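Enquirer: got a sequence here, can you model it:
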Amino acid sequence: MSARRSGLFILLAVLVATPCWSKVTVREHVMPTTEGQPFTPAACGDWVVACLNSNPNNMNSTIGVIAYDLRAKQVYTLYEGKASCPAITGPLTMWSGNVDNVHSLRGSKTPTTINSHLITYDLASGRYRAPKLATAYANNVTASGDYISYEMRCRIYLYNIRTGDRKRISDDRRVHRYPDVSGDLVVWLEYDSELKESRVRGYRISTGEQYYFSQDYESSNSRPKTDGDYVVWHSNKVGGQFYEVRTGKVRTIKFALYPDVSNGLAVFEKSATARTESHHASRRILYGVDLKASGEEFRISKNEGIRQSCIGDNRAVWVEGNTLHYADLTRK
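Expert: Numbering: from 1, shown residues only. So this is what the prediction gives:
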């Protein structure tokens with residue numbers, strides 16, 4: 001074999017063995033400033049829904065629910081009053097609130113003294129609905145397709161928006177909190193009260209199969225997030241955990257805080273010092289990583305001081321002061 005041909009074969013072997021490094025372009029956009037601070041945003045397609053708070057450090061200071069039309073660069077008020085748990089799936093956005101604060105829903109609540117109910121708003125038709133789901137004790141409502149997952153009295157429930165069916169998917173043996181649903185998968189944290197630690201659990205909607213994504217109890221796991229193919233969370237022991245459901249492989253990114261994932265693209269916050277797990281929002285930066293490729297971390301936010309970050313489809317979303325920022329993430 002000639003030296004030239006041998007060299008060519010070696011080059012091809014190296015190319016085959018080299019992992020594909022993902023390139024992701026970032027285009028940042030800024031939405032109009034609001035009179036309050038956007039809080040706990042949720043994103044889907046061209047829309048973001050969020051609570052509007054008068055005090056960014058007080059979860060009980062909600063003054064309404066707003067929707068951002070990212071394409072038109074417009075902000076709309078959907079609800080005025082105390083609210084919580086904003087979520088969105090397709091054109092349907094929802095939150096927990098008092099139906100009497102919506103003119104078209106007054107008198108539609110179930111016969112009960114509880115005023116907090118699930119309120120939905122169809123962004124396509126402009127119509128409000130109030131499914132018969134009391135949410136006075138519900139926390140952390142998330143939505144995907146026909147399903148809503150939520151936590152009530154430390155148990156995890158699954159609600160079908162289309163049929164109205166509801167069932168509990170967690171057991172009685174532990175404390176269960178912070179669910180997230182995407183596609184066919186629900187994930188949440190299971191707490192051990194004696195150990196004061198937690199682990200990440202999962203539930204397959206189509207089969208009822210239960211999972212443990214983190215086998216051991218760990219200290220102060222953050223709220224787990226999923227896109228159906230990946231499950232992500234933060235562990236104080238090792239940092240950000242990025243778990244591939246199909247293979248069981250876990251990627252660890254040190255100092256990665258509050259991770260979220262959509263379509264295999266993950267976002268997470270990092271302290272600007274990069275050597276501390278400081279939770280101070282004044283010094284945090286948003287980063288991303290393409291979990292479908294062996295890509296490196298890439299920076300998303302231009303400024304420090306980001307908070308309340310999430311990702312929906314291929315759009316990363318975060319809050320800076322009273323302004324919502326988002327970035328289109330495009331794989332090359």
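Enquirer: when you work out contacts or count neighbours from here on, use the C-alpha atoms and nothing else.
Expert: Fine.
Enquirer: where's the residue nearest to Val200 when sequence neighbours are not counted, which helix or strand?
Expert: Nearest residue to Val200 in three dimensions, chain neighbours excluded: Leu189, at 4.8 Å (C-alpha to C-alpha, 6 or more residues apart in numbering). If you go by DSSP states H and E, Leu189 is part of strand 185-192.
Enquirer: how about Pro56?
Expert: Going by DSSP H and E, Pro56 is not in any helix or strand.
Enquirer: for Ser222, same thing?
Expert: Ser222 belongs to no helix or strand, assigned by DSSP H and E.
Enquirer: how many other residues sit next to it?
Expert: Using other C-alpha atoms under 10 Å, the number of residues around Ser222 comes to 21.
Enquirer: for it, give me its contacts.
Expert: For Ser222, the contact set (C-alpha atoms under 8 Å, 6 or more residues apart in numbering) comprises Trp233, His234, Ser235, Leu257, Tyr258.
Enquirer: quick check: the two most widely separated of those residues?
Expert: Distances among the contacts of Ser222 were taken as C-alpha to C-alpha; the most separated pair is Ser235 and Tyr258, at 10.0 Å.
Enquirer: any weak-confidence spans in this protein?
Expert: Along the chain, segments meeting pLDDT under 70 span 1-22, 107-115, 194-195, 217, 219-221, 274-282.
Enquirer: out of everything not next to it in sequence, what's closest to Ala83?
Expert: Gly97 (4.7 Å).
Enquirer: meant to ask about Asp171, not that
Expert: Computed as C-alpha to C-alpha, 6+ apart, the closest residue to Asp171 that is not its neighbour in sequence is Arg155, at 7.4 Å.
Enquirer: swap in Val317?
Expert: Tyr326 (4.3 Å).
Enquirer: what does Tyr191 give?
Expert: Excluding the flanking residues, the one nearest Tyr191 by C-alpha to C-alpha, 6+ apart is Ser198, at 4.2 Å.
Enquirer: quick check: Ser182 touching Thr226?
Expert: Yes: here Ser182 reaches Thr226: they are 6.2 Å apart, a contact under C-alpha atoms under 8 Å.
Enquirer: who has more neighbours out of the two?
Expert: More crowded of Ser182 and Thr226, by other C-alpha under 10 Å: Thr226, with 30 against 22.
Enquirer: show me what the more buried one is bridged to.
Expert: Using DSSP bridges, the bridge partners assigned to Thr226 are Val231.
Enquirer: so who does it touch?
Expert: Asp180, Val181, Ser182, Leu185, Val186, Val187, Val232, Asp260, Val261, Ser262.
Enquirer: of those residues - the most surrounded one?
Expert: In terms of neighbour count, Val186 stands highest of the contacts of Thr226 at 32 neighbours, by other C-alpha under 10 Å.
Enquirer: wait, that residue sits on Thr207?
Expert: No: taking C-alpha under 8 Å as the definition, Val186 is not a contact partner of Thr207, at 12.0 Å.
Enquirer: can you map out the helices along the protein?
Expert: Secondary structure of the chain (DSSP state H): helices at 3-17.
Enquirer: ok, the residue nearest to Val317 to Pro86 distance?
Expert: According to C-alpha to C-alpha, to the nearest Å, Tyr326 stands 18 Å off from Pro86.
Enquirer: the more surrounded of those two?
Expert: In this view Tyr326 and Pro86 are compared by other C-alpha under 10 Å, and Pro86 has more residues nearby, 29 against 24.
Enquirer: quick check: Asp171 touching Arg177?
Expert: No: Asp171 is beyond contact range of Arg177, at 11.8 Å (criterion: C-alpha under 8 Å).
Enquirer: from Asn236, how far out is the residue nearest to Val200?
Expert: Applying C-alpha to C-alpha to Leu189 and Asn236 gives a distance of 14 Å.
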